[in-house]
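**Q** Turn this into a structure:
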Amino acid sequence: MLTEPNFSTRQELADPMIDQLFEFVQNHPLLVAAFAAVLTAWLIYELRNANAGGVTTSEATQLVNREEAVILDIRDKNDFKAGHIAGARNIPQSSLDSRMAELDKFKSVPVIVVCKHGQSSGAVQAKLKKAGFERTLKMRGGMTQWQSDSLPIVKK
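**A** Numbers count the residues shown, from 1 in each chain. Now for the predicted structure:
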């Protein structure tokens, strides 16, 4: 003979977990407040910077073809040699301050900053803007996205 499922068991399991959660919140209000503050700040940061000045790989390609944009690859030398966008200039982020003069001739054309995953390029983009570059952009997703989109790379 089949028995009916006991739905109260699920409820009985959930109640202690919820009770424990509320007890934790009551016992550790500063920890919970700090967590909420960090989570909120992180969400605000991500929402503001997710697409700020960023271009997709197809938009980057169009800018290079139509407006002679310059690709600035800020990855280290070994990553660059392992595979980079054709025509990209490699100035590692750590060397940017000492090599900024190499880019002065590109102040009036779009400069697209490319890193490995699209997370380091924002800082370089801001530095270039501060140095007087008229149009700086970062490529969303970096070289990882470029390769995911099956776009060509040069190895040397």
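
**Q** care to break this protein down by domain?
**A** 7-49, 54-148 (automatic domain parsing).

**Q** among these, which is nearest residue 154?
**A** domain 54-148 (4.9 Å; C-beta to C-beta). For the C-beta atoms, the positions are set from N, CA and C on the backbone; glycine is no exception.

**Q** Just give the nearest non-adjacent residue to the one residue sitting closest to the centre of the chain, would you?
**A** When the chain is reduced to its mean C-alpha position, the closest residue under C-alpha atoms, centre = their mean turns out to be residue 119, at 3.2 Å. Excluding the flanking residues, the one nearest residue 119 by C-beta to C-beta, 6 or more residues apart in numbering is residue 142, at 7.4 Å.

**Q** What score does that neighbour have for pLDDT?
**A** At residue 142, the model reports a pLDDT of 94.

**Q** close enough to count as contact, it and residue 115?
**A** Yes - between residue 142 and residue 115 a contact is recorded at 4.7 Å, counting by C-beta atoms under 8 Å.

**Q** As a check, name the ranges of all helices in the protein.
**A** Under the criterion DSSP state H, the chain contains helices at 7-27, 29-49, 57-67, 77-82, 96-99, 121-130, 142-148.

**Q** Now distance to residue 155 too, for the domains of the chain, in CSV please.
**A** Shown next, in CSV, are these (distance: least, C-beta to C-beta, whole Å):
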stretch, distance to residue 155
domain 7-49, 31
domain 54-148, 5
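
**Q** Pick the most buried one from those.
**A** With neighbours taken as mean count of other C-beta atoms under 10 Å, the domains of the chain reach their highest mean count in domain 54-148, at a mean of 17.

**Q** So what would you say the end-to-end distance of that domain is?
**A** End-to-end distance for domain 54-148: 17 Å, by C-alpha to C-alpha, to the nearest Å.

**Q** Could you do stretch 108-118 as well?
**A** 23 Å.

**Q** Leaving out the residues flanking it, which one is nearest to residue 81?
**A** Ranked by C-beta to C-beta, 6+ apart and with sequence neighbours excluded, the top spatial neighbour of residue 81 is residue 156, at 6.2 Å.
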